[in-house]
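In: All I have is the shape, not the residue letters:
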Ligand SMILES: Cc1ncc(COP(=O)(O)O)c(C=O)c1O
């Protein structure tokens, strides 16, 4: 599959406090973050000119950097304002926002002492990850041989670029085997998440989701848990073994990019796109399109 290059587009990218022409937003090959994985990022979505949960994403970017031992040199308020202005300047109605922060090029030792911290924000139109048919009828996952690491092995609470090595290996293997995405187990063998989204399962009228003790507890996951509780759907957060998957009727993924994405199969086990998935997907769609004070408005 060929993709349009991301480094040569029109418009501007916010880089270290300035709006620079898109193709000038570059960094040096001896960047510490590139060699040793010292980078954190966010993925945000724009709906009807609003950025959904902007403040939560910006806060998580700061917290992810702290987990990796560096401090972002712009306040959350500064980054929120820069993001809103960028989305306005780029004229994004429905799209994606990618903030990223990384350690600079002051030294090539593994030690990060003395490295500067840089931040960039880019945005582009990007309506959906999966096709309309996959969105409606569900995607197929294969269980990966790669696992989410233990909290004393990696900074599992951070949205850290280095952790996405595991996701890319898992996703590429799933793609090659003809699946849409991979399911990763954790270091203990419990069901964890997909490569860019959290996992939910439905048994009867109960919603189950893995305890997020070694992977990202996504902002969408929390939103869906809140919606479920509000709708009176019983929620169970617990450790789930892969052998239990066949006892569930429905399955879906949640994430900023994936939204509420039905899953129709994990390996050989098939699920239906049932009532609970549909109700929660509709509630989520209504929420992201309804103006809320905390979301911030990008259009003047
Ligand atoms: C590995 C992983 N897990 C979970 C999520 C879901 O997080 P959120 O709902 O905050 O987008 C993401 C998406 O960013 C992710 O990349």
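Out: Great, that's in hand. Since the model is a prediction, treat every value here as computed from it, not as a measurement. Numbers count the residues shown, from 1 in each chain.

In: Around the ligand, pick out the residues from this protein.
Out: 43, 167, 193, 196-198, 216, 218-221, 254-256 (CB under 6 Å from any ligand atom). In short, each C-beta sits where N, CA and C put it, glycine included.

In: switch to 8 Å and redo it
Out: 42-43, 56-57, 60, 159, 163-164, 167, 193-198, 215-216, 218-223, 254-258 (CB under 8 Å from any ligand atom).

In: how about the nearest residue to residue 213, chain neighbours excluded?
Out: residue 151 (7.1 Å; CB to CB, 6 or more residues apart in numbering).

In: Surely the one you found touches residue 212?
Out: No. Assessed by CB atoms under 8 Å, residue 151 is found out of contact with residue 212, at 11.0 Å.

In: For the residue in the stretch 151-300 of the chain that the ligand sits nearest to, list the residues it contacts.
Out: Nearest residue of the stretch 151-300 of the chain to the ligand: residue 218, at 2.6 Å (CB to the nearest ligand atom). Neighbouring residues of residue 218 by CB atoms under 8 Å, 6 or more residues apart in numbering: 197-198, 254-256.

In: ok, 10 Å please
Out: Counting by CB atoms under 10 Å, 6 or more residues apart in numbering, residue 218 touches 43, 60, 159, 193, 196-198, 212, 224, 253-256, 258.

In: Tell me which of the residues you listed fall in helices.
Out: 60, 224 (DSSP state H).

In: For the contacts of residue 218, which PyMOL command selects only the ones that are buried?
Out: For the buried members of the contacts of residue 218, the matching PyMOL selection, counting by 16 or more other CB atoms under 10 Å, is:
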select buried, resi 43+60+159+193+196+197+198+212+224+253+254+255+256+258
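
In: Keep only those of the contacts of residue 218 that are in strands.
Out: Taking DSSP state E, the ones among the contacts of residue 218 that sit in strands are 193, 198, 253-255.

In: okay if I get those as JSON lines plus pLDDT?
Out: JSON lines is the format used below for the ones in strands among the contacts of residue 218 (pLDDT from 0 to 100):
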{"residue": "193", "pLDDT": "98"}
{"residue": "198", "pLDDT": "98"}
{"residue": "253", "pLDDT": "98"}
{"residue": "254", "pLDDT": "98"}
{"residue": "255", "pLDDT": "98"}
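
In: Walking through the stretch 201-300 of the chain, point out its strands one by one.
Out: For the stretch 201-300 of the chain, the strands defined by DSSP state E, counting those that start in this stretch cover 206-210, 235-238, 250-255, 259-266, 269-270.

In: What pairs with the third one, parallel or antiparallel?
Out: For strand 250-255, the paired strands and their directions (DSSP bridges) are strand 198-203 (antiparallel), strand 259-266 (antiparallel).

In: Relative to residue 259, how far out is the residue of the stretch 1-150 of the chain found nearest the ligand?
Out: Residue nearest to the ligand within the stretch 1-150 of the chain (CB to the nearest ligand atom): residue 43, separated by 4.8 Å. According to CB to CB, to the nearest Å, residue 43 stands 12 Å off from residue 259.

In: still on that earlier bit, got phi/psi on the residue of the stretch 1-150 of the chain closest to the ligand?
Out: Note on residue 43: its backbone torsions stand at phi -130, psi 120 [degrees, to the nearest 10].

In: Secondary structure element holding the residue nearest to residue 146 when sequence neighbours are not counted?
Out: Nearest residue to residue 146, sequence neighbours excluded (CB to CB, 6+ apart): residue 170, at 4.5 Å. Residue 170 is part of helix 164-176 when elements are defined by DSSP states H and E.

In: got a list of contacts for that helix?
Out: The contact list for helix 164-176, computed with CB under 10 Å, 6+ apart, reads 1, 37, 39, 41, 140-149, 154, 179-184, 193-196.

In: Would you map out the domains in the chain?
Out: The chain breaks down into these domains under automatic domain parsing: 12-125, 132-289.

In: Just send the ones you listed back as JSON lines, with distance to residue 5 too.
Out: As requested, these are exported to JSON lines (distance: least, CB to CB, whole Å):
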{"stretch": "domain 12-125", "distance to residue 5": "10"}
{"stretch": "domain 132-289", "distance to residue 5": "19"}
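
In: Against residue 72, how distant is residue 174?
Out: 33 Å.

In: same question, residue 178
Out: The gap separating residue 178 from residue 72 is 40 Å, by CB to CB.
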